[in-house]
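Q: okay, here's the prediction I keep looking at, along with the sequence it came from:
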Amino acid sequence: MSAATAPFLAIDIGNTRLKWALYDAARPGAALLAQGAEFLDHIERLADGPWADLPSPSSMLGCVVAGDALRRRAEEQVVERFDCLPRWVMPSLAEAGIVNGYDHPTRLGADRWVAMIGARHRMLREGAPRPMVVVLIGTAVTVEAVDADGKFLGGLILPGHGIMLRALESGTAGLHVPTGEVREFPTNTSDALTSGGTYAIAGAVERMVQHVRSHCGAEPACYMTGGAGWKMAPVMNGHFELVESLIMDGLLVIAQQRAG
């Protein structure tokens, strides 16, 4: 059985959770066999818990932004449970159709790099090459600009909803209130806080869309992913495709190209 047709494990270690997915092959469009997520405090549960009854993958590829200590904890679980070598994506000058325009390419977050690769593959599958705006909504929010040739032009990093709310709670008096709803005209403090954070993120994203449209002379394909993406998608101007598995999609693309 070749690596391209044997089970493949994809892992995304973010700032809050470890997400994993097991596919029937290391290629885009592979069938999903199982998936799950663990908070970072509970990584040691994986081998004897959610992974205990899984078929053993022949290969594994992941991305990590949470640091070396958490990466090593995840590696220990992979080695304990499966007979495969843990491998991790490190951003480089170019891979899988994306050219890295960061001043120091290896300092780009691996999740951002992988998500752009996943988004470009999705965009090319749907039609002709276009510029892209790729948004990850998580603990932090990133907003990436990619031209039609696959050159990463640059991106924004800003706090996610939770960080914004905690900053306001710690920096002001009397704002320890429940999470509210997004309203056009908030009339209570909970809604005002939730709406303010949501529209702050939306404004940054929409400004990047304007920059890409102006710079590239074309309407960008816009993708949104991340655990809190569903909160943002309804308030965005223009069409944003909400893709739950964009980082996993990118890992599948990279795994196939590296194997082939």
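A: The structure has been received and is ready for your questions.

Q: what's residue 244 in contact with, if anything?
A: 225, 229 (CB atoms under 8 Å, 6 or more residues apart in numbering). Backbone N, C-alpha and C define where each C-beta goes, glycine included.

Q: next, it: phi, psi?
A: phi -70, psi -30 (degrees, to the nearest 10).

Q: so residue 167 sits against residue 158, correct?
A: No: using CB atoms under 8 Å, residue 167 makes no contact with residue 158, being 11.6 Å away.

Q: compare these two (neighbour count), which wins?
A: Counted by other CB atoms under 10 Å, residue 167 and residue 158 do not tie: residue 158 has more neighbours, with 15 against 12.

Q: that one looks like it's in a strand, true?
A: Yes: looking at residue 158 with DSSP: H, G, I helix; E, B strand; the rest coil, it is inside a strand.

Q: what is it paired to in the beta sheet?
A: Here residue 158 sits in beta bridges with residue 141, going by DSSP bridges.

Q: quick one: contacts for it?
A: So residue 158 contacts 140, 141, 143, 200, 201, 204 (CB under 8 Å, 6+ apart).

Q: same thing but at 7 Å, please
A: 141, 201, 204 (CB atoms under 7 Å, 6 or more residues apart in numbering).

Q: and the average pLDDT for the top helix by length along the chain is what?
A: Longest helix in the chain, counting residues (DSSP state H): helix 189-216. Averaging pLDDT along helix 189-216 gives 94.

Q: against which helices or strands is the helix or strand following it packed?
A: Next in sequence after helix 189-216, counting helices and strands by DSSP states H and E, comes strand 221-225. Strand 221-225 sits against helix 110-126, strand 132-137, strand 241-242, helix 246-259, with contacts defined as 3 or more CB pairs under 7 Å, 6 or more residues apart in numbering; DSSP states H and E.

Q: can I get the CA coordinates of strand 221-225 in PDB?
A: Below are the C-alpha coordinates for strand 221-225, written out as PDB (Å, rounded to 0.1, in the frame of the first residue of the first chain):
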ATOM      1  CA  ALA A 221     -11.800  34.900  -3.700                       C
ATOM      2  CA  CYS A 222     -12.400  35.200   0.000                       C
ATOM      3  CA  TYR A 223     -12.200  32.300   2.500                       C
ATOM      4  CA  MET A 224     -12.800  32.100   6.200                       C
ATOM      5  CA  THR A 225     -11.900  29.300   8.600                       C
END
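
Q: what are the contacting residues of that strand?
A: Strand 221-225 is touched from outside by 115, 119, 123, 130, 132-137, 209, 232-233, 238-244, 246-247, with contacts defined as CB under 7 Å, 6+ apart.

Q: for residue 256, which non-adjacent residue is closest in space?
A: Excluding the flanking residues, the one nearest residue 256 by CB to CB, 6 or more residues apart in numbering is residue 27, at 4.4 Å.

Q: distance-wise, check the one you found relative to residue 35.
A: According to CB to CB, to the nearest Å, residue 27 and residue 35 sit 17 Å apart.

Q: and those two? Which one has more around it.
A: Per other CB under 10 Å, whichever of residue 27 and residue 35 has more neighbours is residue 27, with 18 against 15.

Q: need phi/psi at that one.
A: For residue 27, the backbone dihedrals (degrees, to the nearest 10) come out as phi -160, psi 150.

Q: about what we covered before: ok, the residue nearest to residue 256 touching residue 258?
A: No: judged on CB atoms under 7 Å, residue 27 makes no contact with residue 258 at a distance of 11.4 Å.

Q: which stretches of the stretch 151-260 of the chain aren't confidently modelled?
A: The model of the stretch 151-260 of the chain has pLDDT under 70 over residues 173-175, 177.

Q: again, only using 80
A: 169-179, 227-228, 230-231, 237-238, 260 (pLDDT under 80).
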